[in-house]
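Undergrad: fold the following, please.
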Amino acid sequence: MGKYFGTDGFRGEANKNLTFEHAIKIGRFLGWYYGARLGKKAKVVIGKDTRRSSYMFEYALCTGLMASGADAYIMHVTTTPSVAYITRVDDFDCGIMISASHNPYYDNGIKLLNSFGEKMDEETILKVEDYIDGKINVPLADRQEIGRTVDYVAGRNRYIGFLISMSKFSFKGIKVGLDVANGAAWQIAKGVFDALGAKVYVMNDQPDGYNINTDCGSTHIEHLQKFVVENRLDVGFAYDGDADRCLCVDEKGNLVTGDHTLYIYGLYMKERGKLLNNKVVTTVMSNFGLYKALDKVGIEYEKTKVGDKYVYENMVQTGNRIGGEQSGHTIFLKYETTGDGILTSLKLMEVMIAKNKPMSELAAPVVFYPQVLKNVRVKSKPDAQNDPDVQAAVKKVADELGDTGRILVRESGTEPVIRVMVEAGTNEICEKYVDSVIAVIKEKGHIA
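TA: Presented below is the predicted three-dimensional model:
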């Protein structure tokens, strides 16, 4: 990770950590960099979510791009996966999404995508940061070289058409609830489900610039759970602010997580001979219950670090076709380069209809194990993690749990913290083993 950009873009409170000057400079560099590298006027596509500050950052990015000679194509309010899709299929030099995902309205972020719709490479990101810090000079365009903006709502419409084409079945007669989080999906999701014939019930579809993710969407799934039960719906789907993740609610009001999605669709692929390598890609935070369920049906799995970036990298390297996170980022590599909440919901609908089973029955084999996670503030993360006595304590827990649970000890990427997590048959067992490892960390003097 760089000075400004993390694994999911440059994110911070609008005009405090992330300012309009930053956005202008990002536009200035990208407009010049892609134009100079390609020897032609660069074409960059931009999307944004519904935050009030997204308009400010959109105009700032466009100003920077045009001043450096690039043309900026504006998709307006749209989802992160739609920008990734359009960047790739419409041959843009790069794409930019303005969003802080599931964060509150006062935060925002700038995500950069390469011409393939993938997260931009580290080398280019570091050059952007060098320009922000004044280490690189970028000339201004003049005369006929100055860029322009182009209204590109047609790109969003093309993406909607792509989503509709992804369904093999009509949804006629199925009652579907959608929580669009007052975010980027509010103009897209209902239209897709309407076009496919579902009877659609929508909540949190009145964005005002301040209510994105506020007590709604995938981070507050309890409201959709209640909504589905009260309206006797067949299924419900909740998205986050930029709609790159999806959580599901079955007809009984039970939560269906990203781990359940990997099991449900992974098994569906296996049954049709479509699960290449017979593997799904998870992160280390997937629940032990998912692995037990996959073992029972003979599906193998890989584990990556936390972050959809690492899931995608694994899939590209190995050819595995489906992967994701418990939080609802699910990547279907055959179709897209990023998690897509709306596509995920369409894929879950496909399995329901193809198997003629309710969501509760499809998700039932994944029984979540109780989990206890405690954060320990330490003087040095490497010293604590690599201490032989700490490692011995962790191994002892793993040996005693055997195939009845697991322990995971990992460093926080943003804080001086070691995270100790145990999944086992009961909360009491989890607490006991977590505390036993923390006690050793404390005894060895690592606690800050």
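
Undergrad: from the chain's centre, how far out does stretch 56-69 sit?
TA: With CA atoms, centre = their mean, to the nearest Å as the basis, stretch 56-69 stands 26 Å off its chain's centre.

Undergrad: with only the CA atoms kept, save that stretch in PDB.
TA: Output of stretch 56-69 as PDB, limited to C-alpha atoms (Å, rounded to 0.1, in the frame of the first residue of the first chain):
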ATOM      1  CA  MET A  56     -17.300  17.900  -6.000                       C
ATOM      2  CA  PHE A  57     -14.800  15.100  -6.600                       C
ATOM      3  CA  GLU A  58     -16.400  14.300 -10.000                       C
ATOM      4  CA  TYR A  59     -15.900  17.900 -11.200                       C
ATOM      5  CA  ALA A  60     -12.500  18.100  -9.700                       C
ATOM      6  CA  LEU A  61     -11.400  14.900 -11.500                       C
ATOM      7  CA  CYS A  62     -12.800  16.100 -14.700                       C
ATOM      8  CA  THR A  63     -11.000  19.500 -14.400                       C
ATOM      9  CA  GLY A  64      -7.700  17.700 -13.900                       C
ATOM     10  CA  LEU A  65      -8.300  15.300 -16.700                       C
ATOM     11  CA  MET A  66      -9.300  18.000 -19.200                       C
ATOM     12  CA  ALA A  67      -6.400  20.300 -18.100                       C
ATOM     13  CA  SER A  68      -4.000  17.500 -19.000                       C
ATOM     14  CA  GLY A  69      -5.700  16.800 -22.400                       C
END
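
Undergrad: any idea of the mean pLDDT in that stretch?
TA: If you average the pLDDT over stretch 56-69, you get 98.

Undergrad: residues contacting that stretch, please?
TA: 14-15, 18, 20-21, 23-32, 35, 41-42, 44, 46, 48, 71-72, 74, 96, 98, 108, 110, 138-141, 145-149 (CB atoms under 8 Å, 6 or more residues apart in numbering). C-beta: built from backbone N, CA, C; applies to glycine.

Undergrad: what about these, which are in helices?
TA: Judged by DSSP state H, these include 20-21, 23-32, 35 as members of helices.

Undergrad: just the closest of the residues you listed to residue 227, please.
TA: Among the ones in helices among the contacts of stretch 56-69, residue 23 lies closest to residue 227 (CB to CB), at 36.5 Å.

Undergrad: for that closest one, give me the pLDDT.
TA: Model confidence at residue 23 (pLDDT) stands at 98.

Undergrad: name the nearest residue to it, ignoring sequence neighbours.
TA: Leaving out its chain neighbours, the residue that sits closest to residue 23 by CB to CB, 6 or more residues apart in numbering is residue 60, at 3.6 Å.

Undergrad: how far away is the one you found from residue 254?
TA: As judged by CB to CB, to the nearest Å, residue 60 and residue 254 stand 44 Å apart.

Undergrad: I'd like to know which of the ones in helices among the contacts of stretch 56-69 are buried.
TA: 20, 23-32, 35 (16 or more other CB atoms under 10 Å).

Undergrad: where does the protein have low pLDDT?
TA: Regions of the chain meeting the criterion pLDDT under 70 cover residues 1, 413-414.

Undergrad: so if we follow the domain assignment, how does it break up?
TA: 5-156, 166-363, 371-443 (automatic domain parsing).

Undergrad: how long is the second one from one end to the other?
TA: Right, domain 166-363. In domain 166-363, first residue to last residue: 22 Å (CA to CA, to the nearest Å).

Undergrad: could you do stretch 406-426 as well?
TA: Taking CA to CA, stretch 406-426 runs 12 Å from one end to the other.

Undergrad: how about it: buried residues?
TA: By neighbour count on 16+ other CB under 10 Å, the buried set for stretch 406-426 is 406-410, 417-424.

Undergrad: taking the residues you listed together, which two end up most distant?
TA: Maximum pairwise distance among those (CB to CB): 22.2 Å, between 417 and 424.

Undergrad: where's residue 360, which helix or strand?
TA: helix 359-363 (DSSP states H and E).

Undergrad: sorry, wrong one. I was asking about residue 225.
TA: Under the criterion of DSSP H and E, residue 225 resides in helix 222-230.

Undergrad: beyond that helix, next helix or strand please.
TA: Assigned by DSSP H and E, the successor of helix 222-230 is strand 235-239.

Undergrad: in its sheet, what does that next one sit against?
TA: strand 175-179 (parallel), strand 246-249 (antiparallel) (DSSP bridges).

Undergrad: can you name the next helix or strand after the longest one?
TA: The C-terminal neighbour of strand 175-179 among helices and strands, as given by DSSP H and E, is helix 189-195.

Undergrad: now the last one
TA: Downstream of strand 246-249, the first helix or strand assigned by DSSP H and E is strand 255-256.

Undergrad: pull up the pairing partners for that following strand, direction included.
TA: Assessed with DSSP bridges, strand 255-256 is paired to strand 246-249 (antiparallel).

Undergrad: how about the partner strand: buried residues?
TA: So, applying 16+ other CB under 10 Å, buried residues of strand 246-249: 246-249.

Undergrad: make TSV from those and add distance to residue 225 to it.
TA: Formatted as TSV, those follow (distance: CB to CB, whole Å):
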residue	distance to residue 225
246	15
247	10
248	10
249	5
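
Undergrad: quick one: which of those is nearest to residue 340?
TA: The nearest one, if we look at these relative to residue 340 and count by CB to CB, is residue 246, at 8.0 Å.

Undergrad: and the closest one, what does it touch?
TA: Residue 246 touches 218, 237-239, 258, 261, 328, 330, 340-342, 344-345, counting by CB under 8 Å, 6+ apart.

Undergrad: give me the three-state assignment for the residue lying closest to residue 318 once chain neighbours are set aside.
TA: The shortest distance from residue 318 to any non-neighbouring residue, by CB to CB, 6+ apart, is to residue 277 (6.5 Å). Under DSSP: H, G, I helix; E, B strand; the rest coil, the three-state class of residue 277 is helix.

Undergrad: show the contacting residues for the residue lying closest to residue 226 once chain neighbours are set aside.
TA: Nearest residue to residue 226 in three dimensions, chain neighbours excluded: residue 253, at 7.1 Å (CB to CB, 6+ apart). Neighbouring residues of residue 253 by CB under 8 Å, 6+ apart: 225-226, 228-229.
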